[in-house]
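**Q** Would you be able to build a 3D model of this:
(chains A, B, C and D)
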Number of protein chains: 2
Amino acid sequence: MTAGPVDQTERRSGALLQFVARRMRIRSESVLAPLGLRPRHLVALTVLRDADGISQQGLASSLQLDGTNVVGLLNELESAGLIERRRAPEDRRRHVVRLTRNGAKRLNEAEYALAGAEDEVLGALGPAERDTLYDLLRRAARDTPVTCAEAAGCTEEDRPESY
Amino acid sequence: MTAGPVDQTERRSGALLQFVARRMRIRSESVLAPLGLRPRHLVALTVLRDADGISQQGLASSLQLDGTNVVGLLNELESAGLIERRRAPEDRRRHVVRLTRNGAKRLNEAEYALAGAEDEVLGALGPAERDTLYDLLRRAARDTPVTCAEAAGCTEEDRPESY
DNA sequence: CAGATGATTTGTGTAGCACCAACCATTTAT
DNA sequence: ATAAATGGTTGGTGCTACACAAATCATCTG
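**A** Numbers count the residues shown, from 1 in each chain, chains lettered A, B, ... in the order given. Sure, this is the predicted structure:
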């Protein structure tokens, strides 16, 4: 058996994601608190920046959060003037959720403020590597195979529940 | 300044980490449940695989978890035979925490079982990209600038609480 | 010997959820 | 038009994962 170690371990990113995300969240909390935000607000705003005009169900599905909790989360963001809910013209039951101009601004400010937290948690990575990480996470966050079913914008023939 | 759009956004990975980690955690739960494990067990085991022979305080610091909760977590893992606590010979107050052979095996099995979950969450990334992600997260998880203070193995002149 | 320190146990409290039920407003099916 | 389904909202319950405090024991160190 001249062959090498044959890829001993499984190299799953799951636990590492939990690990790094927790550290980041803990540090983020103290940075965001003075801005009147909490980590999950940032997550929601970040999702909204990409999926602007999403429905609340779409948001719930994207955030993997129960619908009733999304209501509360959006209430907070709305009363802070960071997002707005409009009724969808083509189906007035639905709410179209949008980042307000102020919301986009605050999101950017918050991200700016998080530089220190990121430095602490991703200190081992250089600028180019952090960039790569950001891009990978962004793509993983956006183009999820379940996106269609989640986005709640699908016409009707959505998915044959194949997964 | 003929320069272009000047790097509009801040590109912080924090929120994306929360987002992707949450999705991964939710899927992991159902995969791990039949194995008698929960996500945080996996995280602890993963840390232990790298930092074998760490003290409980070191573990608490690494996991950013309160010491008392680490006790409970380790109790679970120990009674499942996945880790063991030995007294440190040079300071018998301390416990040296080690992955048992069985623990390493179960960890690997769990990671193997998590393939499907990872496929769902990281579906947008190709194999090479997932590998890159794994490596970046791993390095971020290991070589933290605060490692010394956290590892609790530092001689004594640890850190001048500079951070 | 007198503290400090690592681990453990036993609380108590809180935040972030999931889940249920009831309720509008609106849309779609009959 | 009336019934049923759907999106959103509210209020409530309960669970889990923590943080934090206090008391105990074993051990180390001054």
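
**Q** can you tell if the helix or strand hosting A:E84 touches DNA strand D?
**A** Per DSSP states H and E: A:E84 is located in strand A:83-88. Yes. Part of strand A:83-88 sits near DNA strand D under the criterion CB under 7 Å from any atom of the strand, namely A:R85. In short, each C-beta sits where N, CA and C put it, glycine included.

**Q** Packing partners of that strand?
**A** Here strand A:83-88 touches helix A:39-50, helix A:67-79, strand A:91-99, going by 3 or more CB pairs under 8 Å, 6 or more residues apart in numbering or on different chains; DSSP states H and E.

**Q** who wins for proximity to chain B among these?
**A** helix A:39-50 (4.0 Å; CB to the nearest CB).

**Q** List of residues touching the closest one?
**A** With contact meaning CB atoms under 8 Å, 6 or more residues apart in numbering or on different chains, helix A:39-50 is reached by A:25, A:28-29, A:32, A:54, A:59, A:62-63, A:73-74, A:76-77, A:82-83, A:97-99, A:103-104, A:106-107, A:110-111, A:141-142, B:14-16, B:18-19, B:22.

**Q** Just the buried residues of those residues.
**A** A:25, A:28, A:32, A:54, A:59, A:62-63, A:73-74, A:76-77, A:82-83, A:97-99, A:103-104, A:106-107, A:110-111, A:141, B:14-16, B:18-19, B:22 (16 or more other CB atoms under 10 Å in any protein chain shown).

**Q** need the residues of chain A near DNA strand D, please.
**A** Counting by CB under 7 Å from any atom of the strand, chain A sits next to DNA strand D at A:22, A:55-57, A:67-68, A:70-72, A:74-75, A:85, A:91, A:93-95, A:152.

**Q** Let's see that with 6 Å instead.
**A** A:55-57, A:67-68, A:71, A:74-75, A:85, A:93-95 (CB under 6 Å from any atom of the strand).

**Q** And the residues you listed, which of them are buried?
**A** Members of the residues of chain A next to DNA strand D classed as buried by 16+ other CB under 10 Å are A:55-57, A:74, A:85, A:94-95.

**Q** nearest to B:R38, of these?
**A** Nearest to B:R38 out of those is A:Q57 (CB to CB; 28.3 Å).

**Q** which residue ranges form the helices in chain A?
**A** Counting by DSSP state H, chain A has helices at residues A:14-32, A:39-50, A:56-63, A:67-79, A:101-113, A:115-121, A:127-142, A:147-151.

**Q** Adding mean pLDDT and distance to DNA strand C, write the ones you listed out as a markdown table.
**A** Shown next, in a markdown table, are those (pLDDT from 0 to 100; distance: least, CB to the nearest atom of the strand, whole Å):
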| stretch | mean pLDDT | distance to DNA strand C |
| --- | --- | --- |
| helix A:14-32 | 96 | 8 |
| helix A:39-50 | 96 | 4 |
| helix A:56-63 | 95 | 8 |
| helix A:67-79 | 96 | 4 |
| helix A:101-113 | 95 | 15 |
| helix A:115-121 | 94 | 16 |
| helix A:127-142 | 95 | 16 |
| helix A:147-151 | 42 | 13 |
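
**Q** quick one: which of those helices is nearest B:L125?
**A** Going by CB to CB, the one of the helices of chain A nearest B:L125 is helix A:127-142, 5.8 Å.

**Q** and the two most separated of the residues of chain A next to DNA strand D?
**A** A:N75 and A:R93 (18.1 Å).

**Q** can you give me the offset of stretch A:42-51 from its chain's centre?
**A** Relative to its chain's centre, stretch A:42-51 lies at 6 Å (CA atoms, centre = their mean, to the nearest Å).

**Q** And it, what's buried?
**A** For stretch A:42-51, by 16+ other CB under 10 Å, it's A:42-48, A:51.

**Q** cool, stretch A:126-141 as well?
**A** A:129-130, A:132-134, A:136-141.

**Q** wait, does stretch A:21-38 contact chain B?
**A** Yes. Judged by CB under 8 Å from any CB of the partner chain, stretch A:21-38 comes into contact with chain B at A:21-26, A:28.

**Q** Over to A:R38: give its phi and psi.
**A** phi -120, psi 160 (degrees, to the nearest 10).

**Q** For A:A80, give me its contacts.
**A** Applying CB under 8 Å, 6+ apart, the residues near A:A80 are A:G36.

**Q** Can you read off the pLDDT for it?
**A** Each residue has a pLDDT score; the one for A:A80 is 96.

**Q** what about it, distance to DNA strand C?
**A** Per CB to the nearest atom of the strand, to the nearest Å, A:A80 is found 15 Å from DNA strand C.

**Q** measure that residue to A:A128 for me?
**A** Computed with CB to CB, to the nearest Å, the distance linking A:A80 and A:A128 is 35 Å.

**Q** Could you check how far A:A44 is from B:G14?
**A** Relative to B:G14, and taking CB to CB, A:A44 is found at 13 Å.

**Q** repeat for A:T9
**A** 27 Å.

**Q** what does A:I83 give?
**A** 19 Å.

**Q** likewise A:A110?
**A** Distance from A:A110 to B:G14, by CB to CB: 9 Å.

**Q** what pairs with A:I83 across the strands?
**A** Beta bridges link A:I83 to A:L99, judged by DSSP bridges.
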